[in-house]
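> Turn this into a structure:
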Amino acid sequence: MAYTVGEIARALGADCAGEIDIAISRASEPALAGPEDLALAMSPAYAEGLAKGQAVAAMVWPGADWQELGLRAAIFAPRGRLAMAGLSAMMDAGPQIAPGVHPMSVVDPSAVIGANPAIGPFVTIGAGVVIGANARIASQVSISEGAQIGADALICQGARIGARVRIGDRFICQPGAVIGSDGFSFVTPEKSGVEEIRQTLGQREEIKAQSWTRIHSLGSVSIGDDVEIGANACIDRGTIRDTTIGSGTKLDNLVHIGHNVQVGQDTLLCGQVGVAGSSKIGSRVVLAGQCGVNDNIFIADDVICGGATKVFTNVPAGRVMLGYPAVKMEQHIEMQKALRRLPRMAARLTELEKKFSEPS
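Numbers count the residues shown, from 1 in each chain. This is a model prediction of the structure:
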């Protein structure tokens with residue numbers, strides 16, 4: 001679908017100039033843009049790319065001399081990435097799913113599907129499921145008995161939603177995600193080696209054969225509004241109470257949330273983050289890629305953890321953490337500086353040892 005420059009600017013609440021009736025079909029990087037593309041040049045660093053491409057309209061930084069850049073029209077974006085979010089929402093058609101329920105899908109007679117659904121082939125919807133209006137459900141999704149999903153959901157190919165999972169409005173689920181799998185909970189009849197190590201921090205009195213008994217997951221998963229779950233992410237159901245994900249929170253691909261975990265609102269969990277069971281993560285927290293959180297840990301509101309940080313202890317509100325084990329970022333930087341000095345320090349120590357070992 002094409003939009004004019006003026007329509008795009010009005011939708012974004014941005015100023016524009018020039019020939020605002022120019023039709024735009026796509027967004028593009030400046031150097032690759034054609035005459036029907038809107039070149040994304042939101043900072044002066046992209047000006048050189050405009051000269052290489054064929055764009056006649058671009059989204060540029062405030063104060064840009066768009067005519068000098070060879071453009072016939074411009075949209076001014078004070079905050080480029082925010083404008084890009086609005087533009088991408090306009091131009092993303094999403095998966096093409098035909099209206100109605102595909103005849104090759106199976107919907108239990110007791111399920112309640114809201115108005116205007118679009119449900120693709122090979123979808124299975126179990127007994128007692130309730131799905132709100134305007135749901136878009138792509139092929140090979142399964143939604144188990146008793147699940148509840150709010151309005152305006154988009155559930156992509158191959159996602160699995162378990163029994164009695166409750167999800168709010170405007171839910172987005174990427175392909176292959178699993179929500180409501182059993183938690184990883186096992187116990188031994190006698191004290192296990194893991195329990196012993198937790199108490200002694202490394203010492204074991206006796207190593208014996210052990211067998212594991214499964215603890216079943218009686219809880220489920222409760223998810224708020226405006227939550228997005230990435231491809232192949234996994235969220236385990238709770239043991240007794242539900243695992244919870246707060247409104248506005250976004251999970252990236254391959255994130256794993258263990259049983260009983262509580263995640264607050266507007267939190268970002270990036271790719272390959274793993275959160276062990278019964279941990280609590282506050283609101284507006286950011287865990288960068290490959291962060292790990294130990295079980296029964298509390299991470300307070302507004303914490304940021306850099307990539308590959310491993311959190312073994314509680315983290316106070318607003319702190320920025322980095323490293324393995326996690327420490328304050330500024331402390332981690334000093335530790336790394338000291339680590340780089342170690343070879344020189346070792347060489348100096350060797351020289352001093354030789355000097356003082358020589359006979360006087």
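> Surely residue 195 is within a helix?
Yes: judged by DSSP: H, G, I helix; E, B strand; the rest coil, residue 195 forms part of a helix.
> and it, what pLDDT?
The model reports residue 195 with a pLDDT of 85.
> hang on, residue 353 is in a strand, isn't it?
No: with three-state DSSP as the criterion, residue 353 is located in helix rather than a strand.
> That one - how many residues pack around it?
For residue 353, the count of nearby residues is 10 (other C-beta atoms under 10 Å). (C-beta placed from N, C-alpha, C; glycine too.)
> Any regions of this structure where pLDDT drops low?
360 (pLDDT under 70).
> What ranges does it have for its helices?
All helices of the chain, identified by DSSP state H, fall at 5-12, 47-52, 80-91, 193-200, 329-357.
> Ok, which of those helices comes nearest residue 134?
Residue 134 sits nearest to helix 80-91 of all the helices of the chain, at 15.8 Å, using C-beta to C-beta.
> helices or strands next to that closest one in the packing?
helix 5-12, strand 26-28, strand 37-41, strand 57-60 (3 or more C-beta pairs under 8 Å, 6 or more residues apart in numbering; DSSP states H and E).
> want to try CSV for these, with distance to residue 178 as columns?
CSV is the format used below for the helices and strands packed on helix 80-91 (distance: least, C-beta to C-beta, whole Å):
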stretch, distance to residue 178
helix 5-12, 35
strand 26-28, 32
strand 37-41, 35
strand 57-60, 38
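> Which among these is found nearest to residue 251?
It is, among the helices and strands packed on helix 80-91 and with distance given as C-beta to C-beta, strand 26-28, at 25.6 Å.
> and that closest one, what does it pack onto?
Applying 3+ C-beta pairs under 8 Å, 6+ apart, we find strand 26-28 packed against strand 37-41, helix 80-91.
> got the contact list for the shortest one?
By C-beta atoms under 8 Å, 6 or more residues apart in numbering, the residues outside strand 37-41 that reach it are 5, 8, 24-30, 33, 46-47, 49-50, 53, 55, 57-61, 64, 69, 75, 80, 84, 87.
> Please apply the same query to the longest one.
Residues from elsewhere that reach helix 80-91 (C-beta under 8 Å, 6+ apart): 1, 3, 8, 11-12, 14, 26-27, 38, 40, 42-43, 59, 61, 75, 77.
> Disregarding residues adjacent in the polypeptide, which is nearest to residue 57?
residue 73 (4.2 Å; C-beta to C-beta, 6 or more residues apart in numbering).
> hey, what's the one you found bridged with?
Listed by DSSP bridges, the beta-bridge partners for residue 73 are residue 18, residue 57.
> what's the spacing between it and residue 348?
Taking C-beta to C-beta, to the nearest Å as the criterion, residue 73 is separated from residue 348 by 65 Å.
> neighbour-wise, which of these two wins?
residue 73 (24 against 11).
> Surely the more buried one and residue 5 touch.
Yes: taking C-beta atoms under 8 Å as the definition, residue 73 is a contact partner of residue 5 at 4.6 Å.
> which neighbours do those two share?
Common contacts of residue 73 and residue 5 (C-beta under 8 Å, 6+ apart): 16, 18-20, 22, 57.
> Out of the helices and strands packed on strand 26-28, flag the one nearest residue 217.
helix 80-91 (36.2 Å).
> tell me which residues in the closest one are buried?
80, 83-84, 87, 91 (16 or more other C-beta atoms under 10 Å).
> same check, this time on stretch 104-117
In stretch 104-117, counting by 16+ other C-beta under 10 Å, buried: 105, 107, 111, 113-114, 117.
> residues in contact with it?
Outside stretch 104-117, the residues touching it (C-beta under 8 Å, 6+ apart) are 99-101, 119-137, 145, 151.
> Quick check: end-to-end length of that stretch?
Using C-alpha to C-alpha, to the nearest Å, the end-to-end distance of stretch 104-117 comes to 15 Å.
> try stretch 298-309
Start-to-end, stretch 298-309 (C-alpha to C-alpha) is 15 Å.
> what's the offset of stretch 104-113 from the middle of its chain?
Remark: stretch 104-113 is offset 30 Å from the chain centroid, using C-alpha atoms, centre = their mean, to the nearest Å.
> now residue 247: how far from residue 353?
Residue 247 is 62 Å from residue 353, by C-beta to C-beta.
> so what's residue 179 up against?
Per C-beta under 8 Å, 6+ apart, neighbours of residue 179: 159-162, 165, 167, 173, 221, 223, 229, 234-235.
> Let's have those in TSV, adding neighbour count and distance to residue 193.
Shown next, in TSV, are those (neighbours: other C-beta atoms under 10 Å; distance: C-beta to C-beta, whole Å):
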residue	neighbour count	distance to residue 193
159	24	37
160	20	33
161	30	36
162	23	31
165	24	34
167	27	38
173	29	38
221	27	30
223	28	35
229	30	35
234	19	26
235	28	28
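> so which pair among those residues is furthest apart in space?
167 and 234, at 15.3 Å, using C-beta to C-beta across the contacts of residue 179.
> in the sheet, who's paired with residue 137?
Bridge pairing for residue 137 - DSSP bridges - gives residue 119, residue 155.
> In this structure residue 15 contacts residue 9, no?
Yes: in this structure, residue 15 is within contact of residue 9 by C-beta under 8 Å, at 6.8 Å.
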